[in-house]
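Student: here you go, sequence then predicted model.
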Amino acid sequence: MQRKQLNKPLLLLLIFVSINLLVGIIIVPDFGRSTDESVESTRAELAINMYSGNTAVNPFENYEQLGHSRYYGTAISGLVSVIEQYVFPNEDHSTKVFAHFTQFLFFQAAIIGLFLLSRFFFDGWISLSLAILFATQPLLFGHAFINPKDIPLLTTFLFTIIVGFSMVDNWLKDNNNEVVIAKKTTIFHFLGIIKIDKNL
């Protein structure tokens, strides 16, 4: 019964995400470039030139001209840029349609990630409600297209937490005796610290 209750909210969430993706495909061309994207594109281009061994451009001088922005990473933007150039070599990349939709895909993954994270604490229906509430926030929905750093980072961070919780849960299930010993050791250690502090 519990498995059925989990599957139904998850199925509804996947339907919701599928509808979101269809909406995203329709409206993604309407999004222009954000103020962050020009600098992000420059950083990504410089990084690609440096990693590809292109000596015609001196990336260090150009990086200095970026000011404090030179300290930000370009992993996602650089990867998306390379994929876009290879998959759509004849398209105008300045519109950033491919990049915007890729960022929107990250947001959809974050919706699923929030649902999975919520399942550690709540039942399927509450987790579904939280995920839909998160997905329908106008600010987040808009940023999902035009924010090249925060949305991918949010998604990566969410799934990192999920993997960590899953690892701990699996370890607790497989190592009950070790967990009891670890708890007792921690308690005795804590009591020992209190005793030492009282003696001081």
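Tutor: Done, it's in.

Student: now stretch 166-175: mean pLDDT?
Tutor: Mean per-residue pLDDT for stretch 166-175: 76.

Student: how far away from the center of its chain is that stretch?
Tutor: 24 Å (C-alpha atoms, centre = their mean, to the nearest Å).

Student: would you mark the buried spots in it?
Tutor: Using 16 or more other C-beta atoms under 10 Å as the test for burial, stretch 166-175 gives no buried residues. Just so you know, the C-beta spots here come from the backbone N, C-alpha and C atoms, and that holds for glycine as well.

Student: packing partners for the helix or strand hosting Ser38?
Tutor: Following DSSP states H and E, one finds Ser38 within helix 35-52. Using 3 or more C-beta pairs under 8 Å, 6 or more residues apart in numbering; DSSP states H and E, the elements in contact with helix 35-52 are helix 59-65, helix 75-87.

Student: what residue ranges in the protein score low on pLDDT?
Tutor: 1-6, 35, 54-64, 67-71, 73, 90-95, 174-200 (pLDDT under 70).

Student: show me where it has helices.
Tutor: 2-27, 35-52, 59-65, 75-87, 97-118, 124-135, 138-146, 150-174, 176-199 (DSSP state H).

Student: so which elements touch the fifth one?
Tutor: Secondary structure elements in contact with helix 97-118, counted by 3+ C-beta pairs under 8 Å, 6+ apart, are helix 2-27, helix 75-87, helix 124-135, helix 138-146, helix 150-174.

Student: and the first one, which residues are buried?
Tutor: Going back to what we said before, that points to helix 2-27. Here helix 2-27 shows Pro9, Leu10, Leu13, Phe16, Val17, Asn20, Gly24 as buried, counting by 16+ other C-beta under 10 Å.

Student: is it possible to get TSV of the residues you listed that adds distance to Tyr51?
Tutor: Listed next are the buried residues of helix 2-27 as TSV, based on distance: C-beta to C-beta, whole Å:
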residue	distance to Tyr51
Pro9	43
Leu10	39
Leu13	38
Phe16	38
Val17	33
Asn20	34
Gly24	30
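
Student: Glu37: which of the helices and strands packed on helix 97-118 is closest?
Tutor: helix 138-146 (7.0 Å; C-beta to C-beta).

Student: run the chain-centre distance for that closest one.
Tutor: With C-alpha atoms, centre = their mean, you get 14 Å for helix 138-146.

Student: ok, stretch 158-171 next?
Tutor: Here the centre of stretch 158-171 is set off from its chain's centre by 15 Å, with C-alpha atoms, centre = their mean.

Student: touching it from outside, list them.
Tutor: Ala109, Ala110, Gly113, Leu114, Leu116, Leu117, Phe120 (C-beta atoms under 8 Å, 6 or more residues apart in numbering).
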